[in-house]
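**Q** Sequence and computational prediction follow.
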Amino acid sequence: YLTPREMSLIIDQVHIRQSDQDDVGYVMWPSAVMLSRWLISNSNKIFPKYAHTVLELGSGCGLTGLCAAKLANSTQSQIILTDFNDMVLKNLNQNIILNDCESTASVSKLDFYAQTADLGGWIDGDGNIRSKVDIIIAADVICKRSDSLALAQTISNCLVSENGFAYIVCANAAHRFGVEYFVTDCTNLGMHVKANQVADFCSKELLIEEHSSSSCL
């Protein structure tokens, strides 16, 4: 259980040993906790009273997307949680059910590396072109140089050109190769980028154990 202020979420991880880089979504990463905290602190700005569509890229276990679903529930917004690993997608569906978010959140397959030319939307796992979205969120989705390029192209393809915003949290370049290129990659595609340090946003302990079965932000 994660309990940021009044919000509670149940997050289940994939209970299979990781055997490949493609399995990184099996477990929850610290950047997801940080972005979730940031969303809660800025919910009035991120989720105004009108409905919109939010796309989470590289959802992994779904903490950030489910946090967004809870925050946006009163606005009738739709949150789409995406990843490319089939086992991760199965776990995301289960976490949506565990948190009673079926009316607000859904799951779709999305591969950064399939988002090449801008076709007026994003390509899902079945090859369908889906509509552009109002907001993109993502946490810790860059692990190598090519990820930065693919992520920047995906954001460019998925985001509406007018009043669209993407909120991305990544570990720094000392811990994730490729992050140092991301601002330039986005700028080269015509996006306006503002980069901030967020390390001070969280306390030293990302999760503080309350008792044996729960933890809080």
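**A** Perfect, thanks for sending it.
**Q** switch to C-alpha atoms for all contacts and neighbour counts from now on
**A** Fine.
**Q** Could you report the separation of residue 168 from residue 190?
**A** 17 Å (CA to CA, to the nearest Å).
**Q** more neighbours, these two?
**A** Each of residue 168 and residue 190 has its neighbours counted (other CA atoms under 10 Å); residue 168 has more, 17 against 10.
**Q** Secondary structure element for the nearest residue to the more buried one once chain neighbours are set aside, which one?
**A** Closest residue to residue 168 apart from its sequence neighbours, by CA to CA, 6 or more residues apart in numbering: residue 138 at 4.9 Å. Take DSSP states H and E as the rule and residue 138 turns out to sit in strand 135-139.
**Q** I'd like to know which elements that strand is packed against.
**A** Counting contacts by 3 or more CA pairs under 8 Å, 6 or more residues apart in numbering; DSSP states H and E, strand 135-139 is packed against helix 30-41, strand 53-57, helix 63-72, strand 165-169.
**Q** Which of these sits closest to residue 10?
**A** Among those, helix 63-72 comes nearest to residue 10, with 8.6 Å by CA to CA.
**Q** Now do the closest one: distance to the chain's middle.
**A** 10 Å (CA atoms, centre = their mean, to the nearest Å).
**Q** Please enumerate residues in contact with that helix?
**A** With contact meaning CA atoms under 8 Å, 6 or more residues apart in numbering, helix 63-72 is reached by 7, 9, 11, 28, 32-33, 35-36, 39-40, 43, 47, 56, 59, 77-81, 96, 99, 101, 104-105, 137-139.
**Q** thinking again about what came up before, would you mind measuring from the residue nearest to residue 168 to residue 68?
**A** Going from residue 138 to residue 68 by CA to CA gives 11 Å.
**Q** show me where the protein has strands.
**A** Assigned strands in the chain, in chain order: 53-57, 78-83, 105-109, 122-123, 129-130, 135-139, 165-169, 208-211, 214-216 (criterion: DSSP state E).
**Q** which residues touch the fourth one?
**A** Outside strand 122-123, the residues within contact range by CA under 8 Å, 6+ apart are 110, 114-115, 128-132, 154, 157-158.
**Q** Quick check: which of the helices and strands packed on strand 135-139 is nearest to residue 186?
**A** Using CA to CA, the helices and strands packed on strand 135-139 put strand 165-169 closest to residue 186, at 10.9 Å.
**Q** Okay, now the sheet partners of the strand holding residue 138, with direction.
**A** Partners of strand 135-139 in the sheet, by DSSP bridges, are strand 53-57 (parallel), strand 165-169 (parallel).
**Q** I'm done for today, thanks for sticking with me.
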